[in-house]
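Visitor: Model the structure of this input:
(chains A, B, C and D)
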Protein chains: 4
Amino acid sequence: MALTAEQQQEIDTARATEGRTRRPTVAGLEAMLFQAIPVLDHGFVRVIDYMGDDAAIVQAARVSYGRGTRAANEDRGLIRYLMRHRHSTPFEMCEIKYHVKLPIFVARQWIRHRTANVNEYSARYSILDREFYIPGPDHLAAQSVVNRQGRGDILEGEEAARVLDLLREDATRNYDHYLEMLNEDDDGKARDPGRQGLARELARMNLTLNAYTQWYWKTDLHNLLHFLSLRADAHAQYEIRVYAEAMLDTVKAWVPMAFDAFRDYRLGAVTLSAQMMGIVKRMLGGEAVTQEASGLSKREWRELMATLGRDAG
Amino acid sequence: MALTAEQQQEIDTARATEGRTRRPTVAGLEAMLFQAIPVLDHGFVRVIDYMGDDAAIVQAARVSYGRGTRAANEDRGLIRYLMRHRHSTPFEMCEIKYHVKLPIFVARQWIRHRTANVNEYSARYSILDREFYIPGPDHLAAQSVVNRQGRGDILEGEEAARVLDLLREDATRNYDHYLEMLNEDDDGKARDPGRQGLARELARMNLTLNAYTQWYWKTDLHNLLHFLSLRADAHAQYEIRVYAEAMLDTVKAWVPMAFDAFRDYRLGAVTLSAQMMGIVKRMLGGEAVTQEASGLSKREWRELMATLGRDAG
Amino acid sequence: MALTAEQQQEIDTARATEGRTRRPTVAGLEAMLFQAIPVLDHGFVRVIDYMGDDAAIVQAARVSYGRGTRAANEDRGLIRYLMRHRHSTPFEMCEIKYHVKLPIFVARQWIRHRTANVNEYSARYSILDREFYIPGPDHLAAQSVVNRQGRGDILEGEEAARVLDLLREDATRNYDHYLEMLNEDDDGKARDPGRQGLARELARMNLTLNAYTQWYWKTDLHNLLHFLSLRADAHAQYEIRVYAEAMLDTVKAWVPMAFDAFRDYRLGAVTLSAQMMGIVKRMLGGEAVTQEASGLSKREWRELMATLGRDAG
Amino acid sequence: MALTAEQQQEIDTARATEGRTRRPTVAGLEAMLFQAIPVLDHGFVRVIDYMGDDAAIVQAARVSYGRGTRAANEDRGLIRYLMRHRHSTPFEMCEIKYHVKLPIFVARQWIRHRTANVNEYSARYSILDREFYIPGPDHLAAQSVVNRQGRGDILEGEEAARVLDLLREDATRNYDHYLEMLNEDDDGKARDPGRQGLARELARMNLTLNAYTQWYWKTDLHNLLHFLSLRADAHAQYEIRVYAEAMLDTVKAWVPMAFDAFRDYRLGAVTLSAQMMGIVKRMLGGEAVTQEASGLSKREWRELMATLGRDAG
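Guide: Residues are numbered from 1 along each chain as shown, chains lettered A, B, ... in the order given. I've put the predicted structure just below:
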C-alpha cells in the first residue's frame, strides 16, 4: 500500500475530528473509520461513512417510532429469522460507504454489481498513479486443467520468473509511455514545452489492466452481503476475494448480529436441488445410493458427494 | 396528526440520546431528527437517519483521502457545476431515511419511484390504525374540464357536504367491518370468543384507499431530488405535494448548498425544445413571431408563451 | 373474468394479425399470445410480447455471432449449469410483457418487485370498472393461530356468510358512492348537470382495496423467475399465488429448458445452514441426533426435520 | 472491423431464417437485424433482437386490450406529449438487444449506465482477439487547455507519429506477451508442451485498455434514449460517441415517431435555470442586459449567450 505522507495526514486529521449526533453510532466501526486496510500490493479499503446498526434492522422491520429494539436476545432472533427467510428489505435500511484502491481488472468485475453508487477517479481529468498489481509468488497460478475458468498449480522456476518480468516490464514501460504521450513528468511538470501532450482521455488507453484505479463505493447492507457472498466465496478470483475478506471484517465490526446470521445462513449454507434432497432422504433411510441409481449426472453426483463430505464412489 | 403519548415518548427518548461520531454531522438536521412533521390530517414525515453532507458531495467528486473540502466558495461552485451539468453520481453519495405516515392512495403513487428502499407496515401481520384522510374544504376540488387528470374549482355547498359525508361514513363503516371480520375490538381484544376471525391478509381488502399506512423509506440525495422535482411540482396531486414540500425543508437543513443549486437549476428551470429555442432567438432578433409562423402546435405555442410570461395572442 | 365483447374483439383482431420476422419465435407461446388466462373472480393475465427463447440464453452466455446453439443436449446442459450456479445474467437476456388485471391489495404486494417496468391504469384520468374481488368459500380463511401472518382454517356457517355479505356490500356501496361523487352513471354520462363532480384523483380514495386495477408489466426472465420463486411458493398469499401459477404456465411454454432447470434447482430446492448441514452429515454417519444435541433452536430443528421428512421427536 | 468469414457466415445464416409471429414487427429494423455496423477501427454494433414498436408505447400508455393505436396522427401526438412531459414509463415497454465490440476503456464508461443487462465476453474463460484501437490521425487530439477533461487541437508531425508508434507497439507487445504467458499460439495451440501457462484470469491483466472486448447489451427504450442523450452529445468522448451515433440510426429505423420526439425535445433541447429565464424575459422586454447586471457568474453568462447565439459582450 502506498499512502503518501500527505494522504495519511489527511486521514489522521479526519480521524481526529469528532462531533455529537443523535443517530445510532457503532463504537467498533468508529474505531476503524477512515483507516486504510491494505489489500494486495498497493490497494486498500477504507470505511468513509455508515448509516444504521443492528438495531436499525429491527426498527425498520417493525416500522417503529422509537429505537425499536427490545431485549438483545429478541433482536438477535428477529435478525436471524429475517436472514433465514430472505426478508431482505430491513437489511437495505443500513448503508455503508467505502473508498477502495484496486487494479482495473478487479474493478471491471466489481462494477457488475449494479445496485451500488460509484464515483471513480477520472483518468479523463487526472493522471493515474504509477502503481500496478504484480502477483506475489504464491498467487502466480497456472490455468486449471479441470476448470476452464479457474486456477491450477502455482508456477515455479523459470516460467514464474519470466511471467513476473513480463508483467513488471510491460506495466512500467506502458506507464512511462503514458507520461511521455501526456508530455508530463512524474511530478506533474511538462517535459517538453514545445509539445502539447496527448489528451488524457486518450493517453490512458495505453495503460495495462493491472494499473490501479480508485473509487468511492456505497451500498446498502443487503446488497453488500450479496456481493460478499459471491466475492468472498472460494470460487471467486483471488484478487477480488481479498477485498471481500477485508470488507467482511468491517461488517463484523458494524452489525455483529447480522454478520453472524449471514455467516450461518448464507456463507456456510448449501442449496440442494429437489433431486439431491430426495437422495439424502433415501440415504438417511439406510439405502446405499449409487450415482447410477441416483438419477443425477456424474457432475452433479460429484458435487453432492463433496457437499456431504463423502467419497464419490 | 395522531401520535399517541407512547409514540411521542419513544421519539423523545430517542432524541435525548446522543453519542460521539467521527462521521460528518449536520447541526440543522440533527435538530429535526426523529420529530414528526405533520402532513395532511393524520400523516407525518420524520427523518430517522442521514449519511453525508454538502462536503461529502465534494469529497466523492474528488475521490479524496480526507474531508475533501476547500474554501466554502470553491465547494459551492463545484456543487453548482455538478447540478447544472447533471453529474449525478456525487449526489448519490448522501443518503437519508424517513418514517412516513400517508394515505394508501398516496403510497401507491409514491412507490412508483423504484430507486428507494422501503419497509411498509404489514397489514398481513398487524392491524392498521383507525385513521382516514378526509380532504379539508379548501382541497375538495372538482374534476378539471380542461385537463383530464387535473383539478378544477373547489366544490361548495350541498355537493361538498355530501362528498365529505360519504367519504367519512364509508371509511368509518368499512373500518368497523374490518375489525368485525377480524373479530377484534379497537383495543385489540377478541370481540366474540366463539369466532375465529378472518385472516388479516384478507380482512384488509375491505379498507378504503384513504386509510393511512406507514413506512420507512430510504434513498440517496440524487434520487430524492428527482422525486422532489416531480412531486413538489405544481402538476403533482396536492396530497403527495404536501409531503414533498415538508421534505424540501429537511433537504434545506441537511445540504444547503445542494438545495440552492437544486432550486436554481432544477425546480425553477425550464426546458425548451429545439423549435422553441429557435423561436426565442427570432423574437430576440426583433421578429414578431405568431403561432401560425412558429411551426408549433397551438398547445405547444400556449406552453411557450406561458413560459415566457407573454400573451398567447 | 369480465372481458366485454368489444375487448374480446380487440384481442381476436390482434391474434389474427401475423407478420414475418428474423427474430427467434416460440410456437408454444405464440399460441397463447394476447389470450386472457382467467385468475380469481374477475382478474386475468395475458402475454402481450416476448423477446428471446432458450437459445437466446445460450447465445448470450457465449456472446455468439450466430444463433449460438449447438446440440439441444449441450444447450440444456449449459442452461442447467447456469441455473445451478446462479449465473443470472444470461437469463436477463429474455424479456416478457404481460397485461394483468388484479385486485389493488394484490397489486400493492406485486409492485414491491422493483426490477420491472409498469404502466398502471390511471384512476386520476379514467374511471375504474365496477369489479371487486370476493373470495370463494374455499378461500375464506381464518387468521392462523401459529403463524402471525398466515391463514388457518376455512371459515364456515354464519361467520362465513357474514364476512361475504360485508365484503360485497361495502365494496358495492363504496363504488356506488364513487360514481355519485364523480357525478357519473355506469355508462359514463353525467347524473346531474347541475353538479361538477369530484376530481377523479380524489374520488378514487373511496374505493376498497379489493377493487380491480390493471397494468402492463414487463420484466426479464431472471427477475421473473425470482418473482415466481417467491410468489408461487406455499408461503405466498393465495391471491397472488394464483397469478404466479398462471404465469408459470407461460414460462413453461416460452423457455422449456430454463423452466425445467428452475423447477429442479430453485422451486424444489432447499437451503441448509452450515449447522443444519453438519447435523445431516452426523445423521448420515449413523448418529441419532436430538434437538438438544443439535445446537439448533427448537424452531430451526422443526424446520430441518420437516425438510428431511422426519418426525421432530 | 474484423469479422472472420466464419462469423459473417453465422450472421448470414441467422439473417436467412424467418418465422411467423403475432408480435409487432418493424420492417425497417428487420432489414438491419444481425448486420454488423462498423464503428472505430475494429468495433461494431449489431441489433440482435427487439420488442415493441411505436404502437407499443401508445398501447402501454392506454393499458389497451388490442393494438391500442388509433389514427397515426393521434399516436404521434400522444408520443410527443409523453416525451415532452417526461412520462417515461410507456417508453420502457420497448426493449432492444445489441451485440457490441468495443475497446475496454470505452466499455468502462459505458458500463456506468446501470439499468441495462450485460453479458461480457469472459477473459477468465476465453482469450481475447488480437485487436486494439489506434486513433485515426484526425482524432489524435491534444489535451484541451480550457477544459480540464476535454480535447484540444489535433496533434501533428513528429509528435503525432511518436504517439501512434507508442500505442501500436505497446499494445502489440503486451498482446504478444499475453499469449506467451498463456503458453498459446495465435491459433490456440500450446507453444511449449513443457510449460503450464499462466491462468487466463491473471494473464489478461497485461492487456492494454485499448484492447477490444465484446458484450451483449440489452435495455429498454427509455434508458436507451437517456444513454444516447448523454453519449451522442458533443461533450461525450469521441470514441463512445461514434457508438451512440450508430445506435441512433437503429432507433430511427425502429421507432420513428419516438425518435422524432426525442430529437426535438431532448437531443436539441436546452434547459435554462430560473435566473437565465428571467434574463431572457428581460431581454424580450427590450432591456439590454449585461453580465454585470445579470446576476450570473461569468461562466454561466457565457453559457447563456452561447445558447442564445449571441456575443458574450
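Visitor: Nearest residue to A:Asn117 in space, please, no chain neighbours.
Guide: Leaving aside its sequence neighbours, A:Asn117 sits nearest to B:Glu92 (Cβ to Cβ, 6 or more residues apart in numbering or on different chains; 3.8 Å). (Each C-beta comes from the backbone N, C-alpha and C, glycine too.)
Visitor: All the strands of the stretch 51-200 of chain A, residue numbers only.
Guide: For the stretch 51-200 of chain A, applying DSSP state E, counting those that start in this stretch gives strands covering A:95-103, A:117-120, A:141-143, A:151-154.
Visitor: got those strands as TSV, with distance to C:Gln9 columns?
Guide: Listed next are the strands of the stretch 51-200 of chain A as TSV, based on distance: least, Cβ to Cβ, whole Å:
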stretch	distance to C:Gln9
strand A:95-103	52
strand A:117-120	49
strand A:141-143	63
strand A:151-154	63
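Visitor: which of those strands sits most buried?
Guide: Of all the strands of the stretch 51-200 of chain A, strand A:95-103 has the most neighbours on average by mean count of other Cβ atoms under 10 Å in any protein chain shown, namely a mean of 25.
Visitor: So which elements touch the strand or helix carrying A:Met257?
Guide: Following DSSP states H and E, one finds A:Met257 within helix A:256-262. Judged by 3 or more Cβ pairs under 8 Å, 6 or more residues apart in numbering or on different chains; DSSP states H and E, helix A:256-262 is in contact with helix A:54-62, helix A:72-84, helix A:221-231, helix A:238-254.
Visitor: neighbours of the residue nearest to A:Asn117, just the number please.
Guide: For B:Glu92, the count of nearby residues is 23 (other Cβ atoms under 10 Å in any protein chain shown).
Visitor: correct me, but it touches B:His222?
Guide: Yes. B:Glu92 is within contact range of B:His222, at 4.6 Å (criterion: Cβ atoms under 8 Å).
Visitor: Can you tell me how far A:Asp264 is from A:Ala253?
Guide: 18 Å (Cβ to Cβ, to the nearest Å).
Visitor: before we move on, back to that, so what's the residue nearest to A:Asn117 up against?
Guide: By Cβ atoms under 8 Å, 6 or more residues apart in numbering or on different chains, B:Glu92 lies in contact with A:117, A:218, B:220-223.
Visitor: a markdown table for these, including pLDDT?
Guide: Shown next, in a markdown table, are the contacts of B:Glu92 (pLDDT from 0 to 100):
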| residue | pLDDT |
| --- | --- |
| A:Asn117 | 96 |
| A:Lys218 | 98 |
| B:Asp220 | 98 |
| B:Leu221 | 98 |
| B:His222 | 98 |
| B:Asn223 | 97 |
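Visitor: Max pairwise distance over these: which two?
Guide: A:Lys218 and B:Asn223 (12.6 Å; Cβ to Cβ).
Visitor: quick one, which of the two is more surrounded?
Guide: Remark: of A:Lys218 and B:Asn223, A:Lys218 carries more neighbours, 28 against 18, as counted by other Cβ under 10 Å.
Visitor: Paired strands for the host helix or strand of the more buried one, with orientation please.
Guide: A:Lys218 is part of strand A:212-220 when elements are defined by DSSP H and E. When sheet partners are counted by DSSP bridges, strand A:212-220 sits next to strand A:95-103 (antiparallel), strand A:117-120 (antiparallel).
Visitor: Pull out the buried residues from it.
Guide: For strand A:212-220, burial by neighbour count (16 or more other Cβ atoms under 10 Å in any protein chain shown) applies to A:212-220.
Visitor: now that strand and helix B:54-62, what's the angle there?
Guide: 140 degrees (axes from the mean of the first three to the mean of the last three Cα atoms, to 10 degrees).
Visitor: pLDDT value on the residue nearest to A:Asn117, please?
Guide: Predicted confidence (pLDDT) for B:Glu92: 97.
Visitor: In the stretch 51-200 of chain A, what residue comes closest to chain B?
Guide: Nearest to chain B, among the residues of the stretch 51-200 of chain A, is A:Gly66, at 2.8 Å (Cβ to the nearest Cβ).
Visitor: Count the residues that sit near that residue.
Guide: Count around A:Gly66 with other Cβ under 10 Å applied: 19.
Visitor: Can you tell me which helices and strands the lengthiest helix in chain A packs against?
Guide: Ranked by number of residues, the top helix in chain A under DSSP state H is helix A:157-182. Under the contact criterion of 3+ Cβ pairs under 8 Å, 6+ apart, helix A:157-182 touches helix A:200-203, helix D:157-182.
Visitor: Secondary structure of A:Val45: a strand, I assume?
Guide: Yes. Judged by DSSP: H, G, I helix; E, B strand; the rest coil, A:Val45 forms part of a strand.
Visitor: Please determine how far it is located from chain D.
Guide: Separation of A:Val45 from chain D (Cβ to the nearest Cβ, to the nearest Å): 20 Å.
Visitor: For that residue, which residues count as its bridge partners?
Guide: When bridges are called by DSSP bridges, A:Val45 pairs up with A:Ile37, A:Val100.
Visitor: Geometric centre of chain A: which residue is closest?
Guide: A:Ala244 (3.0 Å; Cα atoms, centre = their mean).
Visitor: Around chain C, pick out the residues from the stretch 51-200 of chain A.
Guide: With Cβ under 8 Å from any Cβ of the partner chain as the criterion, the stretch 51-200 of chain A comes near chain C at residues A:Arg84.
Visitor: Name the residues of the stretch 51-200 of chain A found near chain B, please.
Guide: Within the stretch 51-200 of chain A, the positions near chain B by Cβ under 8 Å from any Cβ are A:51-52, A:56, A:59-61, A:63-67, A:89-90, A:92-93, A:95, A:97, A:99, A:117-121.
Visitor: doesn't D:Arg195 make contact with A:Gln143?
Guide: No. A:Gln143 is not in contact with D:Arg195 according to Cβ under 8 Å; the separation is 10.6 Å.
Visitor: A:Leu102: what's it in contact with?
Guide: Residues in contact with A:Leu102 (Cβ under 8 Å, 6+ apart) are A:39-40, A:43, A:110, A:212-215, A:243.
Visitor: ok, now with 7 Å
Guide: A:43, A:212-213, A:243 (Cβ atoms under 7 Å, 6 or more residues apart in numbering or on different chains).
Visitor: Let me have those in CSV, extended by distance to C:Leu164 and pLDDT.
Guide: Output for those, formatted as CSV (distance: Cβ to Cβ, whole Å; pLDDT from 0 to 100):
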residue, distance to C:Leu164, pLDDT
A:Gly43, 65, 97
A:Tyr212, 68, 97
A:Thr213, 64, 97
A:Tyr243, 59, 98
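Visitor: Dump these into TSV; add distance to D:Arg80 as well.
Guide: What follows is these, written out as TSV (distance: Cβ to Cβ, whole Å):
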residue	distance to D:Arg80
A:Gly43	51
A:Tyr212	48
A:Thr213	42
A:Tyr243	48
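Visitor: follow-up on the earlier one: list just the one of the helices and strands packed on helix A:256-262 that sits closest to chain D.
Guide: Nearest to chain D, of those and by Cβ to the nearest Cβ, is helix A:238-254 at 8.2 Å.
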